[in-house]
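**Q** Quick one: sequence plus predicted model below, questions after.
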Amino acid sequence: MSLADRERWNLKYSKGYRTSLHKTLLEFYHLASLGRALELACGTGENAIFLAQKGFQVDAVDISDVAIDVARNKARELNLNINFIVADLDEYPLKEEYYHLVVVFYYLNRTLAAPIVRSLKRGGVLIYETYNRNHLHIRGDFNPDYLLEEGELLRLFKDLQVIHYREEFNVSTFVGRKP
């Protein structure tokens with residue numbers, strides 16, 4: 001586990017930073033069969049909690065134990081059973097042909113593209129949304145290694161059938177299904 005990454009995110013979450021429920025998830029989650037869902041880089045768990053409330057069995061992974069503690073507490077208050085996992089996604093193995101739905105919001109690790117595709121069951125849905133290069137116009141200090149090039153999600157997930165794709169200024173969104 002990258003100790004520096006974990007410490008950086010723990011500090012951010014300990015100062016009150018919270019992730020949010022994403023509109024794109026609300027628009028497209030219903031395209032997946034009800035079953036197992038995975039959220040990568042789940043932060044404080046809003047998307048995972050939403051999916052559990054909709055009846056999915058959810059695994060949710062984040063590097064920050066502070067964020068996972070917040071998420072676990074929220075899930076406990078709502079009497080939801082979510083498998084929250086503290087792990088570095090550079091090292092965390094994804095189960096193959098296991099998930100009906102995988103969601104990733106505002107996290108980019110290009111080496112995970114193939115494992116994400118393999119983790120989907122046939123007919124499984126991927127919802128992926130994160131910043132692209134135009135984000136530098138808003139935050140010039142943002143690390144460009146974590147910004148998508150134009151059309152990059154289409155290339156990263158070329159083995160999936162495209163359901164929806166858009167690039168709106170600084171955000172790229174991909175929704176696809178495993179054939």
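**A** Good, I have the coordinates.
**Q** where does this protein have low pLDDT?
**A** 1-2 (pLDDT under 70).
**Q** ok, the most centrally placed residue in it to G43 distance?
**A** For the chain, V104 is the residue whose C-alpha lies nearest the centre (CA atoms, centre = their mean; 1.8 Å). In this structure, V104 and G43 are 11 Å apart, going by CB to CB, to the nearest Å. All C-beta spots, glycine's among them, are computed from the backbone N, C-alpha and C.
**Q** hang on, the earlier thing: next up, the contacts around the residue nearest to the centre of the chain.
**A** 39-41, 116, 126-130 (CB atoms under 8 Å, 6 or more residues apart in numbering).
**Q** what about it, which SS state?
**A** strand (DSSP: H, G, I helix; E, B strand; the rest coil).
**Q** Show me what it is bridged to.
**A** Note on V104: beta-bridge partners by DSSP bridges are L40, Y128.
**Q** can you pull out the helices in this structure?
**A** 3-14, 23-28, 46-53, 65-77, 113-119, 152-156 (DSSP state H).
**Q** could you say what helices and strands the second one packs with?
**A** To tie it back to what came earlier, the one meant is helix 23-28. helix 46-53, strand 99-105, strand 120-131, strand 171-177 (3 or more CB pairs under 8 Å, 6 or more residues apart in numbering; DSSP states H and E).
**Q** need these in JSON lines with distance to G35, can you?
**A** Listed next are the helices and strands packed on helix 23-28 as JSON lines, based on distance: least, CB to CB, whole Å:
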{"stretch": "helix 46-53", "distance to G35": "11"}
{"stretch": "strand 99-105", "distance to G35": "4"}
{"stretch": "strand 120-131", "distance to G35": "8"}
{"stretch": "strand 171-177", "distance to G35": "14"}
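**Q** quick one, which of these is packed in tightest?
**A** Most buried of those by mean neighbour count (mean count of other CB atoms under 10 Å) is strand 99-105; its value is a mean of 24.
**Q** roughly how far out does that one sit from the chain middle?
**A** Distance of strand 99-105 from the chain centroid (CA atoms, centre = their mean, to the nearest Å) equals 7 Å.
**Q** highest average neighbour count across the helices of the chain?
**A** helix 46-53 comes out most buried of the helices of the chain by mean count of other CB under 10 Å, with a mean of 22.
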